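1. need a structure here:
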Amino acid sequence: MKHKIWYDQDNEVLRQEVIGAYSSQEAKDSSLEYKNCLEDKPYRQLIVDLSQAGKMQDRQTRKITSESLEDADISAVAFVGATAATRMIAKVLMKLGSNNISTNFFKADDEAVNWLNNKRGTK
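-> Numbering: from 1, shown residues only. Predicted coordinates:
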């Protein structure tokens, strides 16, 4: 998988870098990675870097991605570096899933980290 998913120990947050197009199979693979990376972690938050993202393949891919976030019990998602078109797709993606997941868009990574920290009640 060309996309990257890892746990950022310094900021205690899951990170995903989407590189190019994102297929249904990649969304399924990401779901397993979310769960593995977040095992025994104190916060279930995700920063998604969309600065290199391409097309999200189809409606099924968006549905799988939304379900994956719910299955991993993600509480908040911060999107970084989204173009206007990518931002629109991300908004649709979040509407497909639970309204319990807080989302926001940021130009810079440090803004995303600060927002997630504030969601925890810390600074």
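2. Contact partners for the residue nearest to residue 42 when sequence neighbours are not counted?
-> Nearest non-adjacent residue to residue 42, counting by CB to CB, 6 or more residues apart in numbering: residue 12, 6.2 Å away. All C-beta atoms are positioned from the backbone trio N, CA, C, and that covers glycine. When contacts are counted by CB atoms under 8 Å, 6 or more residues apart in numbering, residue 12 touches 41, 42, 43, 45.
3. quick one, longest strand in the protein?
-> In the chain, assigned by DSSP state E, the strand with the most residues is strand 45-56.
4. List of residues touching that strand?
-> With CB under 8 Å, 6+ apart as the contact definition, strand 45-56 has outside contacts at 8, 12-22, 34, 62, 65, 69, 74-83, 86-87, 89-90, 93, 109, 112-113, 116, 119-120.
5. Who does the most centrally placed residue in the chain form a beta bridge with?
-> Centroid-nearest residue in the chain, with CA atoms, centre = their mean: residue 48, separated by 4.2 Å. According to DSSP bridges, the partner residues bridging residue 48 are residue 16, residue 79.
6. Roughly how far does it sit from residue 41?
-> 17 Å (CB to CB, to the nearest Å).
7. One more: residue 114?
-> Noted for residue 114: a distance of 19 Å to residue 41, by CB to CB.
8. May I see the buried residues of the helix ranked longest in the chain?
-> When secondary structure is assigned using DSSP state H, the longest helix within the chain turns out to be helix 24-38. Taking 16 or more other CB atoms under 10 Å as the basis for neighbour counts, the residues of helix 24-38 that come out buried are 24, 26, 27, 30, 31, 33, 34, 37, 38.
9. I'd like the distance from that helix to the chain centre, please.
-> Here the centre of helix 24-38 is set off from its chain's centre by 11 Å, with CA atoms, centre = their mean, to the nearest Å.
10. Mind giving me the packing neighbours of that helix?
-> In terms of contact count using 3 or more CB pairs under 8 Å, 6 or more residues apart in numbering; DSSP states H and E, helix 24-38 is assigned the packing partners strand 4-8, strand 13-22, helix 59-71.
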